[in-house]
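Q: sequence and predicted structure are below.
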Amino acid sequence: MAPIIARRGLMLVLSSPSGAGKTSISRALLECEPELSMSVSVTTRTKRAGEVSGRDYHFIDAEQFGLMANRGELLEHAKVFGNYYGTPRAPVDEALASGLDVLFDIDWQGTQQLSEAARRDLVAVFILPPSTRELEKRLKTRAQDSAQVVAERMSKAADEMSHWPEYDYVVINNDLDASVVQVRSILAAERLRRDRQIGLGDFVKALREGQ
């Protein structure tokens, strides 16, 4: 039986232009990675059909959001398509200290802020679509947004994709299952980083003492 070595959790960020597949990959990861939980952001946007407050987002008003930001209670926050999004700090800190990993579905602005706040804990993955045509097709197929919103998302996609060099890893999401395997491989490798295995020193000491 393999020894259990204490480790510090990590923050796994998935970013992409809308429609490239980060949400689908996130859902698949959460189903097969028991030590991974989703960071539930706060947002000022309106709840969509099927969304549940506290599971998908914490839906709050602009005044509440401003208070949280001013009190330093958000690890990152940004304005996207006219709405504010942010990550509550306390639950993330608690999870990492307990050796659990936290998954973030955020954009490049939020990733930059997380990097400034906690770069050693961060593993950032950018998801690219296989083509612009496929990206537009996916946005239209999911039927969540109006034609105008789809057009706005497509016009913003080029700028969003220009930030790929800021990320540790890049995955081209041509096939969902293959992309999930690739991100799981990244997660497995990052969990084994020496500086995250905080119990490794004691384990090696015991080995040297013949235990």
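A: Looks like it arrived, so ask away. The shown structure was predicted, so the numbers you read here are calculated from the model rather than taken from an experiment.

Q: what are the boundaries of the strands in the chain?
A: 11-15, 36-38, 42-43, 58-59, 74-80, 83-88, 101-105, 122-128, 169-172 (DSSP state E).

Q: residue 210 is nearest to which of those strands?
A: Shortest distance between residue 210 and the strands of the chain, using CB to CB, is found for strand 101-105: 33.5 Å. Every residue, glycine included, has its C-beta placed from N, CA and C.

Q: which outside residues touch the closest one?
A: 9-15, 22-23, 26, 29-30, 33, 35-39, 87, 92, 95-96, 110-111, 114, 187, 191 (CB atoms under 8 Å, 6 or more residues apart in numbering).

Q: most tightly packed of the strands of the chain?
A: Among the strands of the chain, ranked by average contacts under mean count of other CB atoms under 10 Å, first place goes to strand 11-15 (a mean of 25).

Q: that strand packs against which elements?
A: helix 22-32, strand 101-105, helix 108-118, strand 122-128, helix 176-191 (3 or more CB pairs under 8 Å, 6 or more residues apart in numbering; DSSP states H and E).

Q: how far off strand 122-128 does the lowest-mean-pLDDT helix or strand in the chain point, in degrees?
A: None of the helices or strands of the chain scores lower by mean pLDDT, DSSP states H and E than helix 132-142, at a mean of 72. Counting by axes from the mean of the first three to the mean of the last three CA atoms, to 10 degrees, helix 132-142 lies at 100 degrees to strand 122-128.

Q: report the contact partners of the closest residue to residue 73 other than its chain neighbours.
A: Leaving aside its chain neighbours, residue 73 sits nearest to residue 89 (5.7 Å; criterion: CB to CB, 6 or more residues apart in numbering). Going by CB under 8 Å, 6+ apart, residue 89 touches 72, 73, 74, 75.

Q: okay, now the unreliable bits of this protein?
A: For the chain, applying pLDDT under 70 flags the ranges 138, 140, 142-147, 149-151, 155.
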